[in-house]
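Participant: Sequence below, structure please.
(chains A and B)
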Amino acid sequence: MFLNKITMKTLDLEKFIQGLSTDLYSFAFILIPDDLQATQLMIDSVAALVIQKKSLVDQWSKSSADKVLEHSEEIKLHLYKTLYDLSKKRYHQLKAGLRSIEDNSGFFALDFDDKAVLFLQERSEFSSEMIEFISSKSKTEVLAHLYSARINMIEGLSARPGLQNDFRNHN
Amino acid sequence: MDLHPEDKSYQKIKKHMDDCQVCEGAYKKFEFKNLEAKIHIPKPQIDSETKEIFENEIHELFKTLDLNEKALLRKKIKSNIKKIDVAGIEFIKNLASKGMIKTYVFGAALFVVLKQFFD
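Facilitator: Alright, predicted model coming up:
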C-alpha cells in the first residue's frame, strides 16, 4: 500500500514532465539545431535534474497531485535551466557540425546566449526574473544580450536579398 | 523595449521620448523593424515520433528511479529490523548480567525481610 502510494505520486510528476515535451523541444532545438541532439538534450536534462536536484524532486514527487500543479512553474524553471546549462557545454563540442545551419543569417546565426535570451523573451511566457534564473545572468546582462540579439537580427535580415526591399521601404 | 514599465530606467527613457522627437522617431523605426524581425524567431514543433521517444525514455527513467526508491525502502526496513533485533539481544543479555543478578538477590532478601516484618 505504502509502496503504491509512492508510485502514484511519482507518476504525477512523470506525466507532468512528459507534458512539457513541446515547450522543451522548441527550446532545445533553437539551442542545438539538430533533431536527434535536441531530443537527447531533453532526455538528458530530465535525468540530470532528477540526479542533481534529488531533494527537490523528492519534495515534488511526494506532494499530492494538486501540489504537483503548484510546483509546476518551479519544475519547468529548473528543467529549462538544466537544459540551458547542458546545451551550453554541448554546443561548443557540436559547433562545427552546426555550421551549415548557422551560416544562414537570421535567428540561427545569432550568438548562443543572444539566441537563448531572445527566444525566452519572445517565444516563452517567462518573466525577466525567470530568464535571469535560467541563464544565470544578471538583469543588465540579459538586457545586453536582448539588445545585441535584436540589433543582429535586424542587420542579418536586412542583409538578406529577399528582405532588403522591405526594410528599405520603412527607412 | 525590454524594460518593465515600472522600472526607473523605463520611466526616464519614456520621459525623454515624450520631449525628444528625434529619439522618438528613431525608436519607432527600431520598434517597427523589431516587429518584422520577430516573425523570424522560430518556435520549432516536436513531431509525434520524437514526442513518443521522449515520453518512453522519461517513463523508463522514472521506472528505474521508482525501483531504486523501493530498493532503498526495503534496505531501510531491513536495517531497522536488525536494530530492533540487536536491541532485543542486548535486553536479554542485560537481564542475565551480574548487576541484574545482584538486584534480584537484593530484591529477594528485601522481600523475605519485609514478609517477616509484616507477619
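
Participant: Can you name the residues that contact A:Ile43?
Facilitator: Applying CB atoms under 8 Å, 6 or more residues apart in numbering or on different chains, we find A:Ile43 in contact with B:54, B:57-58, B:61. Placement of C-beta: from N, CA and C, glycine included.

Participant: so where does it fall, helix or strand?
Facilitator: helix A:35-52 (DSSP states H and E).

Participant: mind checking how far the helix or strand following that helix is from the chain centre?
Facilitator: Next in sequence after helix A:35-52, counting helices and strands by DSSP H and E, comes helix A:54-62. Helix A:54-62 sits 22 Å away from the centroid of its parent chain (CA atoms, centre = their mean, to the nearest Å).

Participant: Which strands or helices does helix A:54-62 pack on?
Facilitator: Contacts defined by 3 or more CB pairs under 8 Å, 6 or more residues apart in numbering or on different chains; DSSP states H and E place helix A:54-62 against helix A:2-19, helix A:72-94.

Participant: Poorly predicted segments of chain A, please.
Facilitator: A:1-9, A:61-70, A:100-105, A:160-171 (pLDDT under 70).

Participant: hmm, 80 instead?
Facilitator: Within chain A, the ranges that satisfy pLDDT under 80 run A:1-12, A:53-71, A:95-105, A:156-171.

Participant: Can you say which helix or strand has the residue nearest to the spatial centre of chain A in it?
Facilitator: Compute the mean C-alpha point of chain A, and by CA atoms, centre = their mean the closest residue is A:Phe27, 3.7 Å away. Taking DSSP H and E as the definition, one finds A:Phe27 inside helix A:21-31.

Participant: how far off helix A:35-52 does that helix point, in degrees?
Facilitator: 110 degrees (axes from the mean of the first three to the mean of the last three CA atoms, to 10 degrees).

Participant: what packs against helix A:21-31?
Facilitator: So helix A:21-31, by 3+ CB pairs under 8 Å, 6+ apart, packs with helix A:35-52, helix A:72-94, helix A:112-123, helix B:48-95.

Participant: List the buried residues in stretch A:71-90.
Facilitator: Neighbour counts over stretch A:71-90 (16 or more other CB atoms under 10 Å in any protein chain shown) mark A:71, A:75-76, A:78-88, A:90 as buried.

Participant: Most widely separated two among these?
Facilitator: A:His71 and A:Arg90 (27.4 Å; CB to CB).

Participant: Now do the contacts for B:Gln37.
Facilitator: Rather than Gln, residue B:37 is Ala. Each residue near B:Ala37 by CB under 8 Å, 6+ apart is listed here: A:150, A:153-154, A:157.

Participant: burial measure for A:Gln121, as a count.
Facilitator: Neighbourhood size, A:Gln121 [other CB atoms under 10 Å in any protein chain shown]: 21.

Participant: what angle do the helix holding A:Phe27 and helix A:72-94 make?
Facilitator: Using the same axes, to 10 degrees: helix A:21-31 against helix A:72-94 is 30 degrees.

Participant: Now do stretch B:11-31: distance from first to last residue.
Facilitator: Taking CA to CA, to the nearest Å, stretch B:11-31 runs 17 Å from one end to the other.

Participant: do that stretch and chain A meet at all?
Facilitator: Yes: applying CB under 8 Å from any CB of the partner chain, one finds that stretch B:11-31 is in contact with chain A at B:29-30.

Participant: Off-centre distance for that stretch?
Facilitator: Relative to its chain's centre, stretch B:11-31 lies at 48 Å (CA atoms, centre = their mean).

Participant: And for stretch A:124-140?
Facilitator: Distance, centroid of stretch A:124-140 to centroid of chain: 11 Å (CA atoms, centre = their mean).

Participant: List the buried residues in that stretch.
Facilitator: Buried, per 16+ other CB under 10 Å, within stretch A:124-140: A:124, A:126, A:128, A:130-132, A:134-135, A:137.

Participant: Say whether chain A is contacted by stretch B:44-57.
Facilitator: Yes: using CB under 8 Å from any CB, stretch B:44-57 reaches chain A at B:44-46, B:50-51, B:53-55, B:57.
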